[in-house]
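In: sharing a sequence plus its predicted fold:
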Amino acid sequence: MTPRPMRLALFQPVIPQNVGACIRLSACFGVALHVIEPVGFRFDDAALKRAALDYGPLGHMTRHADWDAFRRDRSPGRLVLFTTKGATPLDAFTFRPDDILLFGSETAGAPPAVHEAADARVVIPLRPDARSLNLSVSAGIGLFEGLRQTGGLGLEST
């Protein structure tokens, strides 16, 4: 399977189950996954394996040693940062097929340097009394909407 141009990227995730769930998202939607280290677990962590199930080999995951390595090695496309401090609500944002959807760390979000490097910042609108969604839930919502808008779903109806 050739990955679609849209990509999913995780900035210094700390919860292995979230990365495992994103491996599954990557595999099921046919997009590349980039993990920007350091991470808060070992990649042989049982929780990561349990969450990814048997999707790991299909996940098209690339690990980057740090933010600088990711920026140096990434292919062209807008860097779209999903953040609770976003400027554009998801339902008002227009995606492009080669966007890189970037999600910050579960505990710290994305630092100012990452915000500054982003070409766009997007927020998933929530109820006023809700703080934030889980990383992998946010990634699933953002990725589905991006692929839906750009005609990249390519899914068969059942």
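Out: Cool, the structure landed.
In: residues of the longest helix seen in the chain that come out buried?
Out: Scanning the chain for the helix with the most residues, using DSSP state H, yields helix 135-150. If you call a residue buried by 16 or more other C-beta atoms under 10 Å, then helix 135-150 has these buried ones: 135-136, 138-140, 142-143, 145-147, 149-150. Where C-beta positions appear, they are placed from N, C-alpha and C, glycine not excepted.
In: hmm, who's touching that helix?
Out: Residues outside helix 135-150 that contact it (C-beta atoms under 8 Å, 6 or more residues apart in numbering) are 4, 6, 8, 10, 13, 15, 17-18, 21-22, 25, 29, 31, 80, 82, 90, 94-97, 99, 101, 103, 106, 122, 124, 132-133, 152-153.
In: just the buried positions in stretch 103-110, please.
Out: Across stretch 103-110, burial judged by 16+ other C-beta under 10 Å covers 103-106, 109-110.
In: tell me the one among those residues nearest to Ala65.
Out: Ser105 (15.9 Å; C-beta to C-beta).
In: the helix or strand hosting Ile23 to helix 135-150, inter-axis angle?
Out: Assigned by DSSP states H and E, Ile23 belongs to helix 16-29. Orientation check (axes from the mean of the first three to the mean of the last three C-alpha atoms, to 10 degrees): helix 16-29 against helix 135-150 gives 20 degrees.
In: low-confidence ranges, the chain, go.
Out: 1-4, 45, 47-59, 155-158 (pLDDT under 70).
In: quick one: strands adjacent to the longest strand along it?
Out: Counting by DSSP state E, the longest strand found in the chain is strand 4-11. Paired with strand 4-11 in the same sheet, following DSSP bridges, are strand 31-36 (parallel), strand 100-103 (parallel).
In: deepest of these, which one?
Out: Most buried of these by mean neighbour count (mean count of other C-beta atoms under 10 Å) is strand 100-103; its value is a mean of 26.
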